[in-house]
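[1] Dropping a prediction and its sequence here:
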Amino acid sequence: MPRPMVQPAARPTAAIVRAFSSDDEYVPGPDGAFAPGKEAETRQVLFNRIAPVYDELNNNLSFGQHWVWKTMTVKWAGPKAGGRALDVCCGSGDLANLLAKAVGPKGEVTGLDFAAEMLADASSREERSRKQGELGRSAPIRWVQGDAMDLPFEASSFDAATMGYGLRNVASIPAALKELHRVLKPGCTAAILDFNNATDPFTDAVQGFFLERLVVPAARRYGLAEEYEYLRPSIKRFPTGPEQERLARQAGFVTARHYPIGFDLMGVLVATKGR
Ligand SMILES: C/C(=C\Cc1cc(O)c2ccccc2c1O)CCC[C@H](C)CCC[C@H](C)CCCC(C)C
Ligand SMILES: C[S@@+](CC[C@H](N)C(=O)[O-])C[C@H]1O[C@@H](n2cnc3c(N)ncnc32)[C@H](O)[C@@H]1O
(Lines give C-alpha, C1' and ligand atoms only; values in the text may rest on other atoms or scores of the structure.)
(Ligands and ions follow the chains in the order given, each with its own letter.)
Protein backbone atom coordinates (compact mmCIF):
# COMPACT_ATOMS: atom_id res chain seq x y z
CA MET A 1 0.00 0.00 0.00
CA PRO A 2 1.88 3.12 -1.16
CA ARG A 3 2.43 5.71 1.56
CA PRO A 4 0.90 9.21 1.25
CA MET A 5 2.98 11.46 -0.96
CA VAL A 6 5.01 14.11 0.81
CA GLN A 7 3.70 17.56 -0.20
CA PRO A 8 6.33 19.56 -2.17
CA ALA A 9 8.17 22.06 0.01
CA ALA A 10 6.54 25.48 0.20
CA ARG A 11 9.90 27.11 -0.56
CA PRO A 12 10.82 26.86 -4.27
CA THR A 13 14.29 25.35 -4.48
CA ALA A 14 16.51 23.53 -6.94
CA ALA A 15 16.18 20.45 -4.80
CA ILE A 16 12.93 18.60 -5.23
CA VAL A 17 10.96 16.96 -2.50
CA ARG A 18 10.32 13.32 -3.26
CA ALA A 19 8.19 10.90 -1.35
CA PHE A 20 10.15 7.80 -0.40
CA SER A 21 8.92 4.45 0.59
CA SER A 22 10.04 1.01 -0.35
CA ASP A 23 7.04 0.49 -2.64
CA ASP A 24 6.32 3.94 -4.12
CA GLU A 25 7.62 5.22 -7.41
CA TYR A 26 9.91 8.22 -6.94
CA VAL A 27 7.67 11.09 -8.05
CA PRO A 28 9.49 14.30 -8.96
CA GLY A 29 8.15 17.51 -7.45
CA PRO A 30 7.13 20.59 -9.48
CA ASP A 31 10.59 22.16 -9.31
CA GLY A 32 12.30 19.99 -11.92
CA ALA A 33 15.05 17.43 -11.48
CA PHE A 34 17.28 17.33 -8.39
CA ALA A 35 20.65 18.03 -9.90
CA PRO A 36 23.62 18.06 -7.51
CA GLY A 37 26.95 19.47 -8.68
CA LYS A 38 29.70 17.17 -10.01
CA GLU A 39 31.47 16.80 -6.65
CA ALA A 40 28.23 16.21 -4.85
CA GLU A 41 27.30 13.66 -7.51
CA THR A 42 30.49 11.73 -6.78
CA ARG A 43 29.61 11.66 -3.09
CA GLN A 44 26.07 10.67 -3.97
CA VAL A 45 27.42 7.68 -5.89
CA LEU A 46 29.66 6.77 -2.95
CA PHE A 47 26.80 6.71 -0.46
CA ASN A 48 24.44 4.95 -2.82
CA ARG A 49 27.11 2.24 -3.16
CA ILE A 50 27.67 1.73 0.57
CA ALA A 51 23.98 1.94 1.50
CA PRO A 52 23.40 -1.88 1.47
CA VAL A 53 26.11 -2.57 4.10
CA TYR A 54 26.27 0.82 5.82
CA ASP A 55 24.40 -0.08 9.00
CA GLU A 56 26.08 -3.46 9.43
CA LEU A 57 29.58 -2.01 9.08
CA ASN A 58 28.81 0.89 11.40
CA ASN A 59 27.54 -1.46 14.09
CA ASN A 60 30.37 -3.96 13.77
CA LEU A 61 33.22 -1.50 13.32
CA SER A 62 32.22 0.76 16.21
CA PHE A 63 31.37 -2.23 18.45
CA GLY A 64 27.86 -0.75 18.69
CA GLN A 65 29.21 2.52 20.13
CA HIS A 66 27.77 4.64 17.31
CA TRP A 67 24.34 4.24 18.96
CA VAL A 68 25.76 5.85 22.14
CA TRP A 69 27.17 8.76 20.12
CA LYS A 70 23.89 9.22 18.21
CA THR A 71 21.80 9.09 21.40
CA MET A 72 23.99 11.83 22.93
CA THR A 73 23.59 13.90 19.75
CA VAL A 74 19.79 13.70 19.85
CA LYS A 75 19.73 14.70 23.52
CA TRP A 76 21.93 17.73 22.78
CA ALA A 77 19.56 18.85 20.00
CA GLY A 78 16.88 19.26 22.69
CA PRO A 79 13.83 17.77 20.91
CA LYS A 80 10.55 18.46 22.74
CA ALA A 81 7.44 16.28 22.90
CA GLY A 82 5.13 17.32 20.04
CA GLY A 83 7.92 19.27 18.33
CA ARG A 84 9.08 19.32 14.70
CA ALA A 85 12.58 17.84 14.27
CA LEU A 86 14.88 17.59 11.25
CA ASP A 87 17.70 15.14 10.57
CA VAL A 88 19.94 16.43 7.78
CA CYS A 89 22.05 13.92 5.79
CA CYS A 90 19.85 11.29 7.44
CA GLY A 91 21.28 8.33 5.51
CA SER A 92 19.62 5.10 6.72
CA GLY A 93 17.71 7.06 9.34
CA ASP A 94 19.31 6.25 12.71
CA LEU A 95 19.07 9.78 14.09
CA ALA A 96 15.64 10.40 12.54
CA ASN A 97 14.29 7.32 14.33
CA LEU A 98 15.78 8.46 17.65
CA LEU A 99 14.22 11.92 17.08
CA ALA A 100 10.85 10.27 16.30
CA LYS A 101 10.89 8.56 19.71
CA ALA A 102 11.96 11.81 21.42
CA VAL A 103 9.19 14.04 19.98
CA GLY A 104 6.55 11.33 20.36
CA PRO A 105 3.34 10.64 18.38
CA LYS A 106 2.23 14.30 18.36
CA GLY A 107 5.55 15.43 16.89
CA GLU A 108 6.86 15.35 13.33
CA VAL A 109 10.26 14.26 12.00
CA THR A 110 11.80 14.93 8.61
CA GLY A 111 14.83 13.02 7.36
CA LEU A 112 16.63 14.62 4.40
CA ASP A 113 19.34 13.11 2.22
CA PHE A 114 20.42 13.38 -1.37
CA ALA A 115 21.17 9.66 -1.88
CA ALA A 116 18.10 7.83 -3.12
CA GLU A 117 19.39 4.42 -2.03
CA MET A 118 19.94 5.64 1.53
CA LEU A 119 16.43 7.14 1.68
CA ALA A 120 14.83 3.98 0.32
CA ASP A 121 16.72 1.99 2.97
CA ALA A 122 15.66 4.43 5.68
CA SER A 123 12.01 4.17 4.63
CA SER A 124 11.95 0.36 4.52
CA ARG A 125 13.81 0.12 7.84
CA GLU A 126 11.25 2.44 9.43
CA GLU A 127 8.39 0.31 8.11
CA ARG A 128 10.01 -2.86 9.47
CA SER A 129 10.65 -1.23 12.86
CA ARG A 130 7.04 -0.03 13.10
CA LYS A 131 5.71 -3.49 12.19
CA GLN A 132 7.93 -5.01 14.88
CA GLY A 133 6.81 -2.41 17.43
CA GLU A 134 10.39 -1.17 17.89
CA LEU A 135 9.44 2.49 17.38
CA GLY A 136 6.82 2.44 20.15
CA ARG A 137 4.84 5.71 20.44
CA SER A 138 6.91 7.77 18.02
CA ALA A 139 6.34 10.50 15.47
CA PRO A 140 5.72 9.83 11.79
CA ILE A 141 8.84 10.37 9.70
CA ARG A 142 8.81 11.86 6.21
CA TRP A 143 11.80 11.08 4.01
CA VAL A 144 12.82 13.86 1.65
CA GLN A 145 15.42 13.93 -1.09
CA GLY A 146 17.23 17.23 -1.06
CA ASP A 147 20.52 19.05 -0.63
CA ALA A 148 21.82 19.99 2.82
CA MET A 149 23.20 23.16 1.22
CA ASP A 150 19.80 24.18 -0.15
CA LEU A 151 17.17 22.80 2.23
CA PRO A 152 13.65 22.68 0.73
CA PHE A 153 12.03 24.08 3.88
CA GLU A 154 10.78 27.47 5.01
CA ALA A 155 12.85 29.51 7.47
CA SER A 156 12.21 28.86 11.18
CA SER A 157 10.44 25.53 10.56
CA PHE A 158 12.05 23.19 13.12
CA ASP A 159 12.36 23.00 16.91
CA ALA A 160 15.49 20.78 16.78
CA ALA A 161 17.94 19.52 14.17
CA THR A 162 20.60 16.84 13.95
CA MET A 163 23.26 16.05 11.40
CA GLY A 164 25.18 12.81 11.84
CA TYR A 165 28.40 12.28 9.82
CA GLY A 166 27.10 14.66 7.19
CA LEU A 167 28.88 17.99 7.71
CA ARG A 168 32.25 16.47 6.74
CA ASN A 169 30.67 15.11 3.54
CA VAL A 170 28.96 18.20 2.14
CA ALA A 171 30.72 20.27 -0.52
CA SER A 172 30.38 23.52 1.48
CA ILE A 173 30.35 23.43 5.28
CA PRO A 174 29.45 27.14 5.62
CA ALA A 175 26.49 26.70 3.26
CA ALA A 176 25.18 23.70 5.23
CA LEU A 177 25.58 25.51 8.56
CA LYS A 178 23.77 28.60 7.18
CA GLU A 179 20.89 26.40 5.99
CA LEU A 180 20.65 24.65 9.37
CA HIS A 181 20.54 28.05 11.06
CA ARG A 182 17.89 29.34 8.62
CA VAL A 183 15.41 26.47 9.09
CA LEU A 184 15.71 26.33 12.90
CA LYS A 185 13.22 28.31 14.97
CA PRO A 186 14.72 31.10 17.13
CA GLY A 187 16.22 29.75 20.35
CA CYS A 188 16.47 26.19 18.95
CA THR A 189 19.53 23.96 18.58
CA ALA A 190 21.37 21.86 16.03
CA ALA A 191 23.58 18.98 17.21
CA ILE A 192 26.14 17.88 14.62
CA LEU A 193 27.95 14.57 15.16
CA ASP A 194 31.05 13.59 13.23
CA PHE A 195 34.54 12.20 13.56
CA ASN A 196 36.84 14.44 15.57
CA ASN A 197 39.84 15.84 13.69
CA ALA A 198 41.90 15.40 16.84
CA THR A 199 44.91 17.66 17.40
CA ASP A 200 46.29 15.30 20.06
CA PRO A 201 48.88 13.05 18.32
CA PHE A 202 47.97 9.96 20.35
CA THR A 203 44.22 10.21 19.58
CA ASP A 204 45.04 10.89 15.94
CA ALA A 205 47.25 7.79 15.85
CA VAL A 206 44.56 5.59 17.46
CA GLN A 207 41.94 6.86 15.02
CA GLY A 208 44.28 6.25 12.08
CA PHE A 209 45.08 2.75 13.34
CA PHE A 210 41.40 1.76 13.64
CA LEU A 211 40.54 3.21 10.23
CA GLU A 212 43.49 1.74 8.36
CA ARG A 213 43.84 -1.60 10.18
CA LEU A 214 40.20 -2.40 11.02
CA VAL A 215 37.77 -0.38 8.95
CA VAL A 216 39.28 -0.46 5.47
CA PRO A 217 40.19 -4.20 5.57
CA ALA A 218 36.63 -4.98 6.71
CA ALA A 219 35.17 -2.83 3.93
CA ARG A 220 37.48 -4.56 1.41
CA ARG A 221 35.57 -7.80 2.05
CA TYR A 222 32.53 -6.05 0.52
CA GLY A 223 34.49 -4.52 -2.36
CA LEU A 224 34.21 -1.10 -0.69
CA ALA A 225 37.82 -0.44 0.34
CA GLU A 226 38.05 2.71 -1.79
CA GLU A 227 34.84 4.14 -0.32
CA TYR A 228 36.09 3.62 3.25
CA GLU A 229 39.65 4.78 2.42
CA TYR A 230 37.96 8.16 1.88
CA LEU A 231 37.31 8.39 5.64
CA ARG A 232 40.83 9.16 6.92
CA PRO A 233 41.67 12.03 4.51
CA SER A 234 38.16 13.47 4.89
CA ILE A 235 38.67 13.59 8.67
CA LYS A 236 42.13 15.16 8.37
CA ARG A 237 40.75 18.02 6.24
CA PHE A 238 37.65 18.42 8.46
CA PRO A 239 37.67 21.57 10.69
CA THR A 240 38.84 20.94 14.26
CA GLY A 241 36.40 21.48 17.13
CA PRO A 242 37.38 25.13 17.71
CA GLU A 243 37.26 25.80 13.96
CA GLN A 244 33.75 24.29 13.81
CA GLU A 245 32.64 26.59 16.65
CA ARG A 246 33.93 29.60 14.68
CA LEU A 247 32.19 28.46 11.47
CA ALA A 248 28.92 27.98 13.37
CA ARG A 249 29.09 31.51 14.78
CA GLN A 250 29.91 32.84 11.28
CA ALA A 251 26.78 31.02 10.04
CA GLY A 252 24.72 33.03 12.56
CA PHE A 253 24.48 30.75 15.58
CA VAL A 254 24.78 32.75 18.82
CA THR A 255 26.34 29.89 20.79
CA ALA A 256 28.47 27.01 19.52
CA ARG A 257 30.35 24.40 21.54
CA HIS A 258 32.19 21.32 20.28
CA TYR A 259 32.24 18.35 22.66
CA PRO A 260 34.75 15.54 21.95
CA ILE A 261 33.18 12.14 22.75
CA GLY A 262 34.03 8.47 22.25
CA PHE A 263 37.57 8.66 23.61
CA ASP A 264 37.88 11.95 21.62
CA LEU A 265 37.54 9.98 18.37
CA MET A 266 34.19 11.65 17.67
CA GLY A 267 32.76 15.06 18.41
CA VAL A 268 29.41 16.85 18.61
CA LEU A 269 29.03 20.52 17.65
CA VAL A 270 26.06 21.98 19.56
CA ALA A 271 24.92 25.31 18.09
CA THR A 272 21.92 27.43 19.10
CA LYS A 273 20.06 30.06 17.06
CA GLY A 274 19.45 33.39 18.77
CA ARG A 275 15.96 34.45 19.80
C1 LIG B 1 28.69 5.85 12.21
C2 LIG B 1 30.13 6.07 11.90
C3 LIG B 1 30.55 6.46 10.69
C4 LIG B 1 29.61 6.80 9.58
C5 LIG B 1 30.33 7.03 8.28
C6 LIG B 1 30.64 8.31 7.91
C7 LIG B 1 31.27 8.55 6.69
O8 LIG B 1 31.57 9.80 6.33
C9 LIG B 1 31.60 7.49 5.81
C10 LIG B 1 32.22 7.75 4.58
C11 LIG B 1 32.53 6.71 3.75
C12 LIG B 1 32.23 5.40 4.11
C13 LIG B 1 31.61 5.14 5.32
C14 LIG B 1 31.30 6.20 6.18
C15 LIG B 1 30.66 5.97 7.44
O16 LIG B 1 30.36 4.72 7.86
C17 LIG B 1 31.16 5.81 12.97
C18 LIG B 1 31.28 4.33 13.32
C19 LIG B 1 31.64 3.49 12.12
C20 LIG B 1 33.08 3.68 11.64
C21 LIG B 1 33.23 3.14 10.24
C22 LIG B 1 34.06 2.99 12.60
C23 LIG B 1 34.97 3.96 13.27
C24 LIG B 1 35.89 3.26 14.24
C25 LIG B 1 36.48 4.27 15.20
C26 LIG B 1 37.52 5.14 14.51
C27 LIG B 1 37.12 3.53 16.37
C28 LIG B 1 36.03 2.99 17.30
C29 LIG B 1 36.72 2.54 18.59
C30 LIG B 1 35.74 1.94 19.59
C31 LIG B 1 34.78 2.96 20.14
C32 LIG B 1 36.53 1.33 20.72
C1 LIG C 1 27.97 8.92 6.50
S2 LIG C 1 26.33 9.13 6.03
C3 LIG C 1 25.52 9.57 7.55
C4 LIG C 1 24.16 8.98 7.66
C5 LIG C 1 23.46 9.13 9.01
N6 LIG C 1 23.27 10.55 9.35
C7 LIG C 1 24.20 8.44 10.13
O8 LIG C 1 24.45 9.10 11.12
O9 LIG C 1 24.54 7.27 9.97
C10 LIG C 1 26.39 10.70 5.22
C11 LIG C 1 25.11 10.98 4.49
O12 LIG C 1 25.14 12.32 4.01
C13 LIG C 1 24.51 12.37 2.74
N14 LIG C 1 24.93 13.61 2.08
C15 LIG C 1 26.18 13.99 1.76
N16 LIG C 1 26.17 15.21 1.20
C17 LIG C 1 24.86 15.61 1.17
C18 LIG C 1 24.19 16.79 0.73
N19 LIG C 1 24.86 17.81 0.18
N20 LIG C 1 22.85 16.86 0.87
C21 LIG C 1 22.16 15.83 1.43
N22 LIG C 1 22.73 14.68 1.85
C23 LIG C 1 24.07 14.59 1.73
C24 LIG C 1 24.95 11.09 2.07
O25 LIG C 1 24.10 10.72 1.01
C26 LIG C 1 24.91 10.11 3.24
O27 LIG C 1 23.67 9.45 3.31
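    Yep, it's here. Ligands and ions are numbered 1, 2, ... in the order given.

[2] Now do the strands in this structure.
    In chain order, the chain shows strands spanning 84-88, 108-113, 141-145, 158-164, 184-195, 255-261, 266-272, with DSSP state E as the criterion.

[3] With mean pLDDT as added columns, please give these in a markdown table.
    Converted to a markdown table, the strands of the chain look like this (pLDDT from 0 to 100):
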| stretch | mean pLDDT |
| --- | --- |
| strand 84-88 | 98 |
| strand 108-113 | 98 |
| strand 141-145 | 98 |
| strand 158-164 | 98 |
| strand 184-195 | 98 |
| strand 255-261 | 98 |
| strand 266-272 | 98 |
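
[4] so which of those strands comes closest to Ala102?
    Shortest distance between Ala102 and these, using C-beta to C-beta, is found for strand 84-88: 7.2 Å. C-beta: built from backbone N, CA, C; applies to glycine.

[5] any chance of the strands of the chain in a markdown table, with mean neighbour count and distance to Thr73 too?
    As requested, the strands of the chain are exported to a markdown table (neighbours: other C-beta atoms under 10 Å; distance: least, C-beta to C-beta, whole Å):
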| stretch | mean neighbour count | distance to Thr73 |
| --- | --- | --- |
| strand 84-88 | 28 | 10 |
| strand 108-113 | 27 | 14 |
| strand 141-145 | 24 | 17 |
| strand 158-164 | 27 | 6 |
| strand 184-195 | 22 | 4 |
| strand 255-261 | 17 | 9 |
| strand 266-272 | 24 | 5 |
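
[6] Would you enumerate the residues in contact with the residue in the stretch 101-250 of the chain that ligand 2 sits nearest to?
    Checking the stretch 101-250 of the chain residue by residue against ligand 2 with C-beta to the nearest ligand atom singles out Gly164 as nearest, at 2.8 Å. Contacts for Gly164 were tallied using C-beta atoms under 8 Å, 6 or more residues apart in numbering; they are Lys70, Thr73, Asp87, Cys89, Cys90, Gly91, Asp94, Leu95, Ile192, Leu193, Asp194.

[7] Much appreciated, bye for now.
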